[in-house]
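Enquirer: turn this into a model:
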Amino acid sequence: MLLIHCPYCEEMREEEEFSPAGQAHIERPLQPEDISDEQWAHYLFFRKNPRGLHHEMWLHAAGCRKYFNATRNTATYEIMETYKMGQAPRVTANEEGQS
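Expert: From the prediction side, this is the model:
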């Protein structure tokens, strides 16, 4: 059983309470009407899928119902940190020796 720390509830909770919500830190275009269809498609559909360190967005669906970010190793499933929306990750790929 995987335990995940919710940075809002400040508790370790069981994985079943959470839902993954995709890649974290994707900026929405400020003026989407001014970008090309190709750029809009890239924003909507193209996501990183690395083996190793990855920043993800999660929802505490059965708890506080808030979104937060997590840094997770996709090869080992280890969650290295969780942090509130709007905050920067402390663990980055450069620190882990990845690109």
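Enquirer: what ranges do the strands span in this structure?
Expert: Using DSSP state E, the strands of the chain run over residues 3-6, 11-14, 19-23, 53-59, 67-73, 79-84.
Enquirer: Throw those strands into CSV and include mean pLDDT, mean neighbour count and distance to residue 30, thanks.
Expert: To be clear about C-beta, it is placed using only N, CA and C from the backbone, and glycine gets the same treatment. Shown next, in CSV, are these (pLDDT from 0 to 100; neighbours: other CB atoms under 10 Å; distance: least, CB to CB, whole Å):
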stretch, mean pLDDT, mean neighbour count, distance to residue 30
strand 3-6, 97, 16, 30
strand 11-14, 97, 13, 35
strand 19-23, 95, 13, 19
strand 53-59, 97, 19, 20
strand 67-73, 97, 21, 21
strand 79-84, 97, 16, 23
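Enquirer: make a markdown table out of the ones you listed and add distance to residue 41.
Expert: Shown next, in a markdown table, are the strands of the chain (distance: least, CB to CB, whole Å):
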| stretch | distance to residue 41 |
| --- | --- |
| strand 3-6 | 32 |
| strand 11-14 | 36 |
| strand 19-23 | 16 |
| strand 53-59 | 20 |
| strand 67-73 | 24 |
| strand 79-84 | 29 |
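Enquirer: the residue most central in space within the chain pairs with what?
Expert: Nearest residue to the geometric centre of the chain (CA atoms, centre = their mean): residue 56, 1.5 Å. Applying DSSP bridges to residue 56 gives these bridge partners: residue 23, residue 70.
Enquirer: let me know whether residue 18 touches residue 60 as I believe.
Expert: Yes. Using CB atoms under 8 Å, residue 18 is in contact with residue 60, at 5.8 Å.
Enquirer: common neighbours of the two, please.
Expert: Contact criterion CB atoms under 8 Å, 6 or more residues apart in numbering; residues shared by residue 18 and residue 60: residue 6.
Enquirer: many thanks, have a good one.
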